[in-house]
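Enquirer: can you look at this prediction? I've put the sequence above it.
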Amino acid sequence: MTKQPVSVNGVVRWKDVGQSANTAPASRESKEILLRHAIGEVLRDVRQRQSRTLREVSHSARVSLGYLSEVERGQKEASSELLASICQALEVPLSQMLREVSDRMAVEEGFTVPDTVPTEFSEQFKREYGIAATSSKDIPADDDSLTATR
């Protein structure tokens, strides 16, 4: 790509030649996803779904309101102990919160892992229940015969 001088109202400017004025140069770098931002977004979403205020959650989690706000905005990197305390205050298992973070980050990265059931489990499920299991959501959590074979 080269530059070419262009005069507009007596002012000389340089314009890229070979590139449309409406198109921006293609970015070859992938979007950087920070873990603290994803964690903050999930914590805020959970709190807002519960219609709770920062003050309520910070009091329950025994963390300052300002610090919790910074965690939610992705400005502070929370320790595992603090995350556990916040999740306990929100009555959400830490593993569930981290799973949500992982799922969101995978989408941002353009990567998804299909939720599929191995063929042998699907066949066993079909024999026992008369229907095929295509995802783990199809398999009941209480069934000891299926979980014992995992």
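Expert: Thanks, I have the structure now. Numbers count the residues shown, from 1 in each chain.
Enquirer: ranges for the strands of the chain?
Expert: For the chain, strands defined by DSSP state E occupy the ranges 2-8, 11-17.
Enquirer: average pLDDT for the first one?
Expert: Okay, so that is strand 2-8. Strand 2-8 carries an average pLDDT of 65.
Enquirer: isn't residue 69 up against residue 54?
Expert: Yes: applying C-beta atoms under 8 Å, one finds residue 69 in contact with residue 54, separated by 5.7 Å. C-beta: built from backbone N, CA, C; applies to glycine.
Enquirer: does residue 44 touch residue 71 like I think?
Expert: No: when contacts are counted by C-beta under 8 Å, residue 44 is not listed as touching residue 71 (9.1 Å).
Enquirer: all helices for this structure, in order.
Expert: 35-49, 54-61, 65-72, 80-90, 94-109, 119-129, 144-148 (DSSP state H).
Enquirer: next, format the ones you listed as TSV and append mean neighbour count and mean pLDDT.
Expert: Output for the helices of the chain, formatted as TSV (neighbours: other C-beta atoms under 10 Å; pLDDT from 0 to 100):
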stretch	mean neighbour count	mean pLDDT
helix 35-49	18	94
helix 54-61	16	96
helix 65-72	18	96
helix 80-90	17	96
helix 94-109	14	90
helix 119-129	14	74
helix 144-148	10	48
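Enquirer: what comes into contact with stretch 75-88?
Expert: Stretch 75-88 is contacted from outside by 35-36, 39-40, 43, 57, 60-63, 67-68, 70-71, 93-94, 97, using C-beta atoms under 8 Å, 6 or more residues apart in numbering.
Enquirer: go with 6 Å
Expert: Stretch 75-88 is contacted from outside by 36, 61, 70-71, 94, 97, using C-beta atoms under 6 Å, 6 or more residues apart in numbering.
Enquirer: check those residues and tell me the two furthest apart.
Expert: 70 and 94 (19.4 Å; C-beta to C-beta).
Enquirer: hmm, back to that, for the contacts of stretch 75-88, which one is nearest residue 122?
Expert: Residue 122 lies nearest to residue 97 out of the contacts of stretch 75-88, by C-beta to C-beta, at 29.6 Å.
Enquirer: show me what contacts the closest one?
Expert: Per C-beta under 6 Å, 6+ apart, neighbours of residue 97: 42, 87.
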